[in-house]
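K.L.:
Return a 3D structure for these sequence lines:
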Amino acid sequence: MKKALVTITCLLSLSAYANEINVKVSGMVCSMCAQGIKKKFSKIDSIKEINVNLDTKLVQIQTKDAQNITDEQINEVIKEAGFNVSNIERK
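P.N.:
Numbering: from 1, shown residues only. From the prediction side, this is the model:
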C-alpha cells in the first residue's frame, strides 16, 4: 500500500513539470508578433526550445529537464508581448 501511494505521489508531482506546453494565443497577426513572443521566451533559463506557429496561433514550449514554467509566468510573458492566452495545455 505504501509503495503504491509513493508511486502515485511521484507521478503526480512529475506532471507538474511537463516538458511540453502548448499555448493558444490570441492577437498574433504577423511574423513580427511571432518573433516578439519567441524572443521573450528565449530569455527564460528554463526554456529549452520555443516554436511559434502563426497560422494556428500556437506557441509550443519545451522546458529543460526537471525545470518548469508556471501558467502565471506564461501568461505574464504573453501579456508583456502584447497578446492574450486562450488556453494552456501541458503534456
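K.L.:
And the pLDDT at residue 18?
P.N.:
If you check residue 18, the pLDDT there is 64.
K.L.:
Return the per-residue confidence for residue 5.
P.N.:
40.
K.L.:
which regions of the protein sit below the pLDDT cut-off?
P.N.:
The chain contains residues with pLDDT under 70 at 1-18.
K.L.:
Swap in 50 and give it another go.
P.N.:
Residue ranges of the chain with pLDDT under 50: 4-15.
K.L.:
now the helices for it?
P.N.:
2-15, 31-42, 71-80 (DSSP state H).
K.L.:
packing partners for the second one?
P.N.:
Going back to what we said before, that points to helix 31-42. Counting by 3 or more C-beta pairs under 8 Å, 6 or more residues apart in numbering; DSSP states H and E, the packing neighbours recorded for helix 31-42 are strand 47-53, strand 58-63, helix 71-80. No exception for glycine: its C-beta is placed from N, CA and C like everyone else's.
K.L.:
Mind giving me the packing neighbours of the first one?
P.N.:
It refers to strand 47-53. helix 31-42, strand 58-63.
K.L.:
Buried residues of it, list them for me.
P.N.:
Buried residues in strand 47-53, counted by 16 or more other C-beta atoms under 10 Å: 47, 50, 52.
K.L.:
Please name the residues that touch the residue lying closest to residue 31 once chain neighbours are set aside.
P.N.:
In space, and not counting its chain neighbours, residue 31 is closest to residue 54: 6.4 Å by C-beta to C-beta, 6 or more residues apart in numbering. Counting by C-beta atoms under 8 Å, 6 or more residues apart in numbering, residue 54 touches 28-31, 33-34.
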